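Asker: sequence-free structure coming up:
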């Protein structure tokens, strides 16, 4: 069985209720949570990231290890703090996010990269994939993974406050798109980055670089697989389709569908209706299954 290499930020979400009291904490980010879901399913998963040697970093790394994720490629830095994402209720009753982070001042990603073999699946995304601290080193690894015929899945999207000037990170984002075999998106992220909906964004910005794009539109309650020839879609029935856990399940489901894809990554240049349907069905099934583990409202954070 080929392995799954996940590249993304290790962070912790802390959620407060309306009274200002902390009600729970959980690892943040789709990549980390999808890595845990895939490892729990018995797949070989490696996490490539960094986390401080502080207590918060240990919580996140322990979460991954308990799920069965290999963590030898997580750099435990000492000059800094593992990021915290704090969710509080705003005046409108909706959760508001405040982020605290302190990364080391030097270039990031001082890690031991895992070995890549043909057929491996590499997942990368979030602000981590465009941050100048990490981007150059990550690109060298991704280019090597491409040469080794691994399948690359890119997740664009990040917290708006991390980079208010989109133009500053757009070159790195386009480089990521060009390397990817599949792009997994959400309409909210596409609107923030490109100012377009899923279909428009694929036609104008993404399809030129990457032929396969799977997009979740939480407002329209639909998930769509876009290609340059045709598209397929499935309705979304879950009320939790904006939650972090549900969206991590989408990523896990896409990976499960591509584990043994005939023809490997090149098949995603022109996926037929059968493959598109398989990917969407697996994505929604895994997302709904992951959401079943949500036991309290605070776990519904986005």
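Answerer: That came in fine, so what should we check first? Values in this document were obtained by computation on a predicted structure and should not be read as measured data.

Asker: what segments of the stretch 151-300 of the chain are strands?
Answerer: With DSSP state E, counting those that start in this stretch as the criterion, the stretch 151-300 of the chain has strands at 151-155, 182-186, 212-217, 222-226, 231-235.

Asker: nearest to residue 21, out of these?
Answerer: strand 182-186 (30.0 Å; Cβ to Cβ). Using the backbone N, CA and C atoms, a C-beta is placed for each residue, glycine as well.

Asker: that older thread, can you lay out the strands of the stretch 151-300 of the chain as JSON lines showing mean neighbour count?
Answerer: Shown next, in JSON lines, are the strands of the stretch 151-300 of the chain (neighbours: other Cβ atoms under 10 Å):
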{"stretch": "strand 151-155", "mean neighbour count": "26"}
{"stretch": "strand 182-186", "mean neighbour count": "25"}
{"stretch": "strand 212-217", "mean neighbour count": "25"}
{"stretch": "strand 222-226", "mean neighbour count": "23"}
{"stretch": "strand 231-235", "mean neighbour count": "16"}
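
Asker: distance to residue 100 and mean pLDDT added to those, as CSV?
Answerer: What follows is those, written out as CSV (distance: least, Cβ to Cβ, whole Å; pLDDT from 0 to 100):
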stretch, distance to residue 100, mean pLDDT
strand 151-155, 23, 97
strand 182-186, 24, 97
strand 212-217, 28, 98
strand 222-226, 33, 98
strand 231-235, 37, 97
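
Asker: mind giving me a markdown table with those strands and columns for distance to residue 7?
Answerer: Listed next are the strands of the stretch 151-300 of the chain as a markdown table, based on distance: least, Cβ to Cβ, whole Å:
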| stretch | distance to residue 7 |
| --- | --- |
| strand 151-155 | 10 |
| strand 182-186 | 14 |
| strand 212-217 | 18 |
| strand 222-226 | 23 |
| strand 231-235 | 28 |
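
Asker: closest to residue 22 out of the ones you listed?
Answerer: strand 182-186 (27.1 Å).

Asker: how far does that closest one sit from the chain's center?
Answerer: 9 Å (Cα atoms, centre = their mean, to the nearest Å).

Asker: what lines up beside it in the sheet?
Answerer: Using DSSP bridges, strand 182-186 pairs in its sheet with strand 151-155 (parallel), strand 212-217 (parallel).

Asker: identify whichever of those strands lies nearest to residue 136.
Answerer: Taking Cβ to Cβ, strand 151-155 is the member of the strands paired with strand 182-186 nearest to residue 136, at 16.5 Å.
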